[in-house]
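Undergrad: here's my sequence, what's the structure:
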Amino acid sequence: MDRIKGSARLMIVSDLDHTMVDHHDPENLSLLRFNALWEAKYREDCLLVFSTGRSLTLYKELRKEKPMLTPDVTIMSVGTEITYGNSMIPDDGWVEILNQKWDKKIVLEEASKYPELTLQPETEQRPHKVSFYVQKDKAQEVTKALSESFIKHGLDVKIIYSGGIDLDILPQGAGKGQALAYLLKKLRSKGKLPKNTLACGDSGNDAELFSIPEIYGVMVSNAQEELLQWHAANAKDNPNIIHATERCAGGIIEAIGHFSLGPNISPRDVTDLSDTSLEKFDPAYEVVKFYLFFERWRRAEAEKSEIYLSNLKGVCAPSGFYVHPSGFEKPLHDCVDALRQCHGDKQGKQFRVWVDQVFSTQVSSHIWIVRFKKWEISGGEQSGCLTTALLSSKDVSVAEGLTWLQVHQTWLTGATPGDQSLWRF
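TA: You can find the predicted model right below:
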């Protein structure tokens, strides 16, 4: 969070499963639409927070399966763990708060008395969360009896039922809503309270997110009945909380537009990526635009036209060069010529390209250094590299776009493709 000097223009706090991530969409289109919008228009001065019921283990598994961005803050295990940055540094202050009136041993002992409860896998049992499965028709009865047992033992706990099967037992001070409130308080104390915050969810354990005052909220169109019932009982007259008409990440984009929080047209929804309405040079948009064209070219969604290749050469300096992740170097113009041979080589295949953590630094009056992660998913395999690009505005207009001078890539740990020779740009 310290990378932004002042207050973030927008902070998005989103659940993952069935909110940011649509498990019924094998092409991950709504997620990719959000990714392109976020990296092109928001990453530089905004904060992205993932708030999930998943444990660290399952969160990492999801990242390997889906084309996800890297958040600034990760709230896991139903609000019992808060971590920051790429290294996922834990918030020790949050741990101290949750330790009050919490005894995991007693929680397990009392819960074991109810045969209706089935303990979830070990990966889902965390220091401040005990998780079970329970059938919907038994949930209310068991929850009431458990609550009475914990009160007798002097424990101050919270029981959350969500998804029609998951029952989580947490310290009373825990939960997605409390974790968000803690985060906002921490930002306020540093004079960095976001100008706007948008909470996004689909299930019962997301209800607390919408209880935080002075934030906007969106229940995606596929929200579960338990969340809709909570909304009808508690927030139906709150104009700052909407039920979107679009599923998952599409609903998040819809909410950005509904509440006028910023640009809400994803570059993936634009056929002609040449944006003549830009008022100043935008390195992040240039990067997103380039790799969207690269994907469309290989999927044969862009016509095999020499005009496209000529235009691409036009934005690459004649003396520009590219360093492949495996180490070899070649002129940028040769890389453009090589694209002629791979047009449509991914047609009809689940091939997607996205960029993550696009950050630019202007180092002179006309030179930008842009650093980002470039990812590809093909045949279920994810490959990625850390990319540094040098872009120039010398002798070009805003409408023409920046000139690519250099592109240098190195493999990300554990993300090297099986056949490195097939990796381009």
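
Undergrad: okay, buried residues for the lowest-mean-pLDDT helix or strand in the chain please.
TA: Every helix and strand of the chain was ranked by mean pLDDT, DSSP states H and E. The lowest is strand 157-162, at a mean of 88. By neighbour count with 16 or more other Cβ atoms under 10 Å, strand 157-162 contains the buried residues V157, K158, I159, I160, Y161, S162. Any C-beta I mention is one placed from the backbone N, CA and C, and that applies to glycine too.

Undergrad: can you list the strands that that strand pairs with?
TA: Strand 157-162 sits in its sheet next to strand 166-171 (antiparallel), going by DSSP bridges.

Undergrad: contacts for the partner strand, please.
TA: 53, 78-80, 98-102, 107, 111, 117, 120, 128-134, 139, 142-143, 146, 156-162, 205 (Cβ atoms under 8 Å, 6 or more residues apart in numbering).

Undergrad: filter those to the buried ones?
TA: 53, 78-80, 98, 102, 107, 111, 117, 120, 128-132, 134, 139, 142-143, 146, 157-162, 205.

Undergrad: show me those that map onto strands.
TA: Judged by DSSP state E, strands contain the following of the buried ones among the contacts of strand 166-171: V130, S131, F132, V157, K158, I159, I160, Y161, S162.

Undergrad: all strands for the stretch 201-350 of the chain, in order.
TA: Under the criterion DSSP state E, counting those that start in this stretch, the stretch 201-350 of the chain contains strands at 216-219, 241-243, 316-323, 329-331.

Undergrad: redo those strands as CSV? Include mean pLDDT.
TA: Formatted as CSV, the strands of the stretch 201-350 of the chain follow (pLDDT from 0 to 100):
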stretch, mean pLDDT
strand 216-219, 98
strand 241-243, 97
strand 316-323, 96
strand 329-331, 96
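
Undergrad: ok, which of those strands comes nearest Q347?
TA: Nearest to Q347 among the strands of the stretch 201-350 of the chain is strand 316-323; the distance by Cβ to Cβ comes to 24.4 Å.

Undergrad: what helices or strands is that closest one leaning on?
TA: Counting contacts by 3 or more Cβ pairs under 8 Å, 6 or more residues apart in numbering; DSSP states H and E, strand 316-323 packs against strand 329-331, helix 332-339, strand 403-411.

Undergrad: in it, which residues are buried?
TA: C316, A317, G320, F321, Y322, V323.

Undergrad: you'd agree K104 is up against P127?
TA: Yes. Counting by Cβ atoms under 8 Å, K104 does reach P127; the two are 6.9 Å apart.

Undergrad: please name the nearest non-neighbouring residue to the spatially most central residue of the chain.
TA: By Cα atoms, centre = their mean, the chain has its centre lying nearest to L69, at 4.3 Å. Of all residues not flanking L69 in the chain, D356 sits nearest, at 5.1 Å (Cβ to Cβ, 6 or more residues apart in numbering).

Undergrad: the one you found in helix, strand or coil?
TA: Following DSSP: H, G, I helix; E, B strand; the rest coil, D356 is assigned to strand.

Undergrad: the chain should start at 34 in everything you say after this.
TA: Got it, first residue is 34 now, which makes that one D389.

Undergrad: from V440, how far out is it?
TA: Using Cβ to Cβ, to the nearest Å, one gets 16 Å for the distance from D389 to V440.

Undergrad: these two: which is more packed in?
TA: V440 (22 against 17; other Cβ atoms under 10 Å).

Undergrad: these two touch, right, the more buried one and P358?
TA: No. The criterion here is Cβ under 8 Å, and V440 misses it with P358 at 10.7 Å.

Undergrad: dig out what V54 forms beta bridges with.
TA: D50.
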